[in-house]
Structures are given as C-alpha cells and as structure tokens.
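Novice: Okay, here's the prediction I keep looking at, along with the sequence it came from:
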Amino acid sequence: MNTAAFAAGSARPDQRAALSVALWVFIGVASALFALFLAAYLMRMNGSDWAPLAPPWQLGLSTCLLIAASLLMQLSRRSARAAQSPASRRLLTLGGLASLGFLAAQLWAWQALAARQVTLAGNPAGSFFYLLTAMHGLHVLGGLVIYTLTWRHCWQAQQPDSDDWQIALCARYWHFLLAVWLLLYAALAWLTPELVQTICGTR
C-alpha cells in the first residue's frame, strides 16, 4: 500500500482504486491465514491432552469495544460523505479510542488467564488462545498505524470531508477485524471437542 499517498491524502483516482484493491487483497490473504489457524485449532481439539478453557469475561468487554469501533468508523465515513467534517473527526477519534480500549481489554484477558496459571507451554487450549488473540491484536495494531495517518490528515486538512475515501478504507478494514474477531470469539468461547465431532460427523 502506498502509505505516502495515503498519508498525504493526495492520491489520484487511479491511486485510490489501487489502494482499495490492495486492501481487498490484504484482507483476502489475512482471511486465509486466520482460516488456516482456525482449522488447526479445530483439529487440535481432538487431542487427548486438550482441556476446555473457560474464556475470561474480559473477552465480552473487548468484543463490545470492537463492535463500537467498527460502528464509529462507519458513522465517521457517513459524516464525511455528508460534508459534516466536525462530526466525522469526532467519530473517527472515538473509533480509535475504542480500538485502543479493545487492545487494553485483550491484555486484561491475558492477565486474567495468567492469574489462573494458563501458560503457553501448558494446556493446548491456552496456547491457542494466546496465539489467536495475539495474531488478531497484531492486525489491529497494524490498522491503527494507517488509522493514525488518516486521523492526522483529517484534523490538518482544510476540507477533510473531501478525503472520505481514507476513512472508507479504515472502516472497511475495521469491519474485517470485527468479522474475524467474532469468529475467533465464537470458536474460543463456545466450540468444544464434542461439538466439533458432532459437526464433522466423527462421533
């Protein structure tokens, strides 16, 4: 992705189209990566050493925060397209804060598991919990880098509403982050070896 053009907010229409395609490609690659890790998670659940792990309640909090972040990004985009720059800026800022809150809640969940003596080297369920949440957290952090460029440009530009395409890309990526997290949360919170065997017809 051409971050220089993105940060400057001066991309030509063809560059904007290229950035949009690049984001779709990245989302496709990242989706395939998460799908592979989820498949490994499901297969590993059949191991004899697998012990179900009760997810910490902080995951519910982080899920609500990411839902809020995704919604705020979308509302910011809508305000920008309606030439409501002050509202768009505020919503964009709140979306970023909600995303930081999501990461903080995830770290809090890690601390809760560590207090229960759940480590990387112990129960495979705990190992996968750390792996999957860390992978997703890294994607959120990467998104926040691009978000920061968008946020800075929107607050510095004379007509930030004319660059709603940047906010649109951020909103799209946050919708992707939310969709992936909802799948991960469902797998971590509700999937059991018995349920997987029933779904796969191996019982």
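Specialist: Great, that's in hand.

Novice: in the protein, which segments are predicted with low confidence?
Specialist: Low-confidence segments of the chain, defined by pLDDT under 70: 1-12, 157-163, 196-197, 199-203.

Novice: where exactly do the helices run in it?
Specialist: For the chain, applying DSSP state H gives helices covering 3-8, 13-44, 58-81, 85-115, 124-156, 164-190, 193-200.

Novice: Compare those and give me the one nearest residue 52.
Specialist: helix 124-156 (6.4 Å; Cβ to Cβ). For glycine as for every other residue, the C-beta is placed from the backbone atoms N, C-alpha and C.

Novice: Just list the residues touching the residue nearest the centre of the chain, thanks.
Specialist: Closest residue to the average C-alpha location of the chain: residue 177 at 2.7 Å, with Cα atoms, centre = their mean. Applying Cβ atoms under 8 Å, 6 or more residues apart in numbering to residue 177 gives the contacts 66, 70, 136, 139, 140, 143.

Novice: One more pass at 10 Å, please.
Specialist: Counting by Cβ atoms under 10 Å, 6 or more residues apart in numbering, residue 177 makes contact with 27, 30, 66, 69-70, 73, 99, 102, 136-137, 139-140, 142-143.

Novice: nearest residue to residue 150 other than its sequence neighbours?
Specialist: Leaving aside its sequence neighbours, residue 150 sits nearest to residue 166 (Cβ to Cβ, 6 or more residues apart in numbering; 4.5 Å).

Novice: For the residue lying closest to residue 125 once chain neighbours are set aside, grab the count of nearby residues.
Specialist: Leaving aside its sequence neighbours, residue 125 sits nearest to residue 53 (Cβ to Cβ, 6+ apart; 3.9 Å). By the measure other Cβ atoms under 10 Å, the count of residues near residue 53 is 18.

Novice: Settle this for me: residue 53 is touching residue 123, isn't it.
Specialist: Yes: Residue 53 is within contact range of residue 123, at 6.4 Å (criterion: Cβ atoms under 10 Å).
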